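Participant: below are the sequence and a predicted model; questions follow.
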Amino acid sequence: MSYTIHKRKFYDIIQKAYPIIPSKSSLQILLNFKLVFDHENLEIIATDLDHSIKIRAPIKGSGKHEITVNAKKLFEIVRELHDSELTIDFDENVLIIESGGSFSCKISGADTRDFPPFPEIETLTTIDLQIQQLKEMIIKSSFAVSKDESRACLCGVLWEVKKNRIGMVATDGHRLGSSFCMNSFDIKDKTSFIVSPKTLLHLVRVFDTENQEGFINIKIGEKYVVLHNEDFQLCTKLIDGPYPDYEKVIPKSNNKKAQLNKTDLLDAVRRVSVLSNQKTHLIKVIFNKQVLETIVQNKDIGGEARQTVPIIYEGDEHIIGFNAQYLLEILNIIKTPVITIEMNTQISACLLFPFYEKEEEKKSDDLFLIMPLRILEENF
């Protein structure tokens, strides 16, 4: 009983499954892939108990066989092989790989009965979503997920689904990212759940190498959500909520509004922030009519940097401090050439929006929030 598959295809599906493997675990079996050979299909399964993935690919061969092998060793071996056809065979519980007639290796496997079963969920809601829409929502929200594990709900992304709207929100208390799209879904009631960023960011990596014009099916259960298409299935355990009412931190009235070229601001912040404090990354931003000035003064190293950029702004002078890294992160995510910034006071949240010349160019409602930093005069 032997199978053949091209190295490039084998390595591709291994790459998609490998990030789910935990870096270390008290359960040795979780460090393994489960390989299921079923006639002309190969399925690779990986799990860390909270996240489980199945990747399927066509393979030449016949018969059925299952084996679990160390994921890291299989990944490293296949990565180093020449770009050629591979022959895969078995000797009881040993996986044998041959390449080009000059290379062969054996990897001892473990009992497949010890490998955790793929979760089965009772589906409460199911929807289909465009892959590109899903990817955009993930990118525009997941960057703001909290790293503070004492508040588990903030360590995930809030996913909201309504009959005519879908979107994602994440915040860590210092910044917030949200993106919503208008869609029509055949669902009874609106639903929301909290998803691990590990799952979502892995989806982005998978979709970077696949056709992004298609759809993905999303099955939402009480404790799990499953995302799948024809050759891919990812199941993730939901994070317990509830998620805080994020709308309370979004200011509804901002009397100071500015419009400017995103790249101009990005370049200015990147340049002056080189001299910013390594802990706070504080930069001072001054809004004046027709000009914005970014300033950094670092007395620890005796450095100072300034740059001005043109803006459209009609209000009184407004001085505010930002964490440069947080601001750069948001500016890199926004793709429109022009952005809008809305503010009120030196201590209230600042909002950033992509600006669209024409309404039909707008594919989603995106909002980014950043909390200002206090400016101590002795630092400037």
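Facilitator: Okay, I see it. Model, not experiment: these values are computed from the prediction. Numbers count the residues shown, from 1 in each chain.

Participant: show me the contacts for residue 121.
Facilitator: 219, 221, 222, 223, 224, 226, 235 (CB atoms under 8 Å, 6 or more residues apart in numbering). The way it works is simple: take the backbone N, C-alpha and C, and place the C-beta from them, glycine included.

Participant: starting at the chain centroid, how far to stretch 102-118?
Facilitator: With CA atoms, centre = their mean, to the nearest Å as the basis, stretch 102-118 stands 30 Å off its chain's centre.

Participant: start to end distance for that stretch?
Facilitator: 37 Å (CA to CA, to the nearest Å).

Participant: who touches the helix or strand where residue 305 lies?
Facilitator: Element membership for residue 305 (DSSP states H and E) is strand 303-313. For strand 303-313, contacts defined as CB under 8 Å, 6+ apart pick out 256-261, 264-265, 267-268, 271-272, 274-275, 287-298.

Participant: in it, what counts as buried?
Facilitator: Along strand 303-313, these residues count as buried under the neighbour rule (16 or more other CB atoms under 10 Å): 305, 307, 309, 311, 313.

Participant: for stretch 196-203, same thing?
Facilitator: So for stretch 196-203, counting by 16+ other CB under 10 Å, buried means 196, 197, 198, 199, 200, 201, 202, 203.

Participant: need the next SSE after the helix or strand hosting the fifth one, C-terminal direction.
Facilitator: So that's residue 200. Residue 200 belongs to helix 197-207 when assigned by DSSP H and E. As assigned by DSSP H and E, the chain's next helix or strand after helix 197-207 is strand 215-220.

Participant: C-terminal to that next one, what's the next element?
Facilitator: Next along from strand 215-220, by DSSP H and E: strand 224-229.

Participant: what packs against that next one?
Facilitator: When contacts are defined as 3 or more CB pairs under 8 Å, 6 or more residues apart in numbering; DSSP states H and E, strand 224-229 sits against strand 215-220, strand 232-237.

Participant: run through the helices of the protein in chain order.
Facilitator: Per DSSP state H, the chain carries helices over the ranges 7-17, 71-80, 131-142, 197-207, 262-272, 324-333.

Participant: dump these to a markdown table, plus mean pLDDT and distance to residue 94.
Facilitator: Listed next are the helices of the chain as a markdown table, based on pLDDT from 0 to 100; distance: least, CB to CB, whole Å:
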| stretch | mean pLDDT | distance to residue 94 |
| --- | --- | --- |
| helix 7-17 | 95 | 18 |
| helix 71-80 | 96 | 13 |
| helix 131-142 | 94 | 38 |
| helix 197-207 | 89 | 30 |
| helix 262-272 | 97 | 53 |
| helix 324-333 | 97 | 47 |
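
Participant: deepest in the core, which of those is it.
Facilitator: Ranked by mean neighbour count, the helices of the chain are led by helix 131-142 with a mean of 21 (mean count of other CB atoms under 10 Å).

Participant: burial measure for residue 362, as a count.
Facilitator: Using other CB atoms under 10 Å, residue 362 has 14 neighbouring residues.

Participant: does it really touch residue 356, like I thought?
Facilitator: Yes: at 4.7 Å, residue 362 and residue 356 qualify as touching, with contact defined as CB atoms under 8 Å.

Participant: which of the residues in stretch 235-254 are buried?
Facilitator: By 16+ other CB under 10 Å, the buried positions in stretch 235-254 come out as 235, 236, 237, 238, 239, 243.
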